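Chemist: Sequence and computational prediction follow.
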Amino acid sequence: PRLVDVLLRKDVMVFEPLWTLIPSNKAILPVLWTLFPNHDYLLNSSFQLSEDLQAQGYVAKPIAGRAGLNISIFDKNHRLLEGTEGRFESQNMIFQEFFKLPMIEGYNVQLSTFTAAGTYAGSGVRVDPSLVIKLNSDTMPLRVLPDAEM
């Protein structure tokens, strides 16, 4: 059966709206890069490992992976910097430019922001000593202050 046939059955409860499958699927990343090459807010991404990606270091990610599983990070000399295992090893992969997260006090820091109806709705901070942010990576408290209070 197709995924849509399973998800739209009355006896299946979906906790997230069906539309969230599109932005959470990493196959959208090479498509966005093709539509908007060299955009400031996108990383070079491809369905095939290109010479350009190999020359700068890259990350191999399963298209529908989650929680940092089956991620491999390679440097520009093709050495594996870090890799994770998991249940997505048989999936097709995308290849994405490696962008090193900022490191603060020994932790790689990933800041996420969320919008609702086109308006800022919140942020989250995940940290991990490894290069891959995973399901069990720490979530840090975050407080947003008006500029006047800084």
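Modeler: Yes, it's here. Residues are numbered from 1 along each chain as shown.

Chemist: quick one, strands of the protein?
Modeler: Secondary structure of the chain (DSSP state E): strands at 45-46, 58-62, 72-74, 80-83, 93-97, 103-104, 107-116, 119-128, 138-140.

Chemist: so can I have JSON lines of those showing mean pLDDT, mean neighbour count and distance to P30?
Modeler: To be clear about C-beta, it is placed using only N, CA and C from the backbone, and glycine gets the same treatment. Formatted as JSON lines, those follow (pLDDT from 0 to 100; neighbours: other Cβ atoms under 10 Å; distance: least, Cβ to Cβ, whole Å):
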{"stretch": "strand 45-46", "mean pLDDT": "97", "mean neighbour count": "20", "distance to P30": "5"}
{"stretch": "strand 58-62", "mean pLDDT": "96", "mean neighbour count": "21", "distance to P30": "11"}
{"stretch": "strand 72-74", "mean pLDDT": "97", "mean neighbour count": "19", "distance to P30": "17"}
{"stretch": "strand 80-83", "mean pLDDT": "96", "mean neighbour count": "13", "distance to P30": "21"}
{"stretch": "strand 93-97", "mean pLDDT": "97", "mean neighbour count": "21", "distance to P30": "6"}
{"stretch": "strand 103-104", "mean pLDDT": "95", "mean neighbour count": "11", "distance to P30": "28"}
{"stretch": "strand 107-116", "mean pLDDT": "88", "mean neighbour count": "12", "distance to P30": "21"}
{"stretch": "strand 119-128", "mean pLDDT": "88", "mean neighbour count": "13", "distance to P30": "24"}
{"stretch": "strand 138-140", "mean pLDDT": "88", "mean neighbour count": "11", "distance to P30": "29"}
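
Chemist: ok, the residue lying closest to A27 once chain neighbours are set aside to F47 distance?
Modeler: Closest residue to A27 apart from its sequence neighbours, by Cβ to Cβ, 6 or more residues apart in numbering: I63 at 4.8 Å. Noted for I63: a distance of 9 Å to F47, by Cβ to Cβ, to the nearest Å.

Chemist: Brilliant, that's me finished.
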